[in-house]
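Enquirer: Got a predicted structure here, sequence first:
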Amino acid sequence: MKKPVKDYYEKMKIEQINIDIAAFLKETGLHAGSVGNFNLYKLLYAYFGSQKRREEINKFVNDF
């Protein structure tokens with residue numbers, strides 16, 4: 001059975017996502033990547049880790 005081909009985002013390493021989150025937080029003046037029940041790290045790991053999840057998250061955001 002053939003393995004599915006990973007797209008550009010699915011190939012990103014956790015370390016690169018962490019660097020990007022840190023840059024985002026610095027640029028926006030936010031002080032943490034997780035607050036209360038919201039965890040930016042988990043959101044972005046899910047978003048970049050799966051094409052299906054990206055589609056689901058994008059649909060949710062567009063419907064909101």
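Expert: Yes, it's here.
Enquirer: For Asn18, grab the count of nearby residues.
Expert: 14 (other Cβ atoms under 10 Å). All C-beta atoms are positioned from the backbone trio N, CA, C, and that covers glycine.
Enquirer: Check Tyr8 too.
Expert: 7.
Enquirer: sec struct for it, please.
Expert: State at Tyr8, reduced to three classes by DSSP: H, G, I helix; E, B strand; the rest coil: coil.
Enquirer: show me the contacts for it.
Expert: Going by Cβ atoms under 8 Å, 6 or more residues apart in numbering, Tyr8 touches no other residue.
Enquirer: That one and Asn58: what is the separation?
Expert: Note on Tyr8: its distance to Asn58, by Cβ to Cβ, to the nearest Å, is 16 Å.
Enquirer: in the protein, which helix or strand is least confident?
Expert: strand 34-35 (a mean of 78; mean pLDDT, DSSP states H and E).
Enquirer: and the next element down the chain from that strand?
Expert: Remark: after strand 34-35, the chain's next helix or strand is strand 38-39, criterion DSSP states H and E.
Enquirer: For the helix or strand that comes right after that next one, which helices and strands make contact with it?
Expert: Where DSSP H and E defines the elements, the next helix or strand beyond strand 38-39 is helix 40-49. Under the contact criterion of 3 or more Cβ pairs under 8 Å, 6 or more residues apart in numbering; DSSP states H and E, helix 40-49 touches helix 14-28, strand 34-35, helix 51-63.
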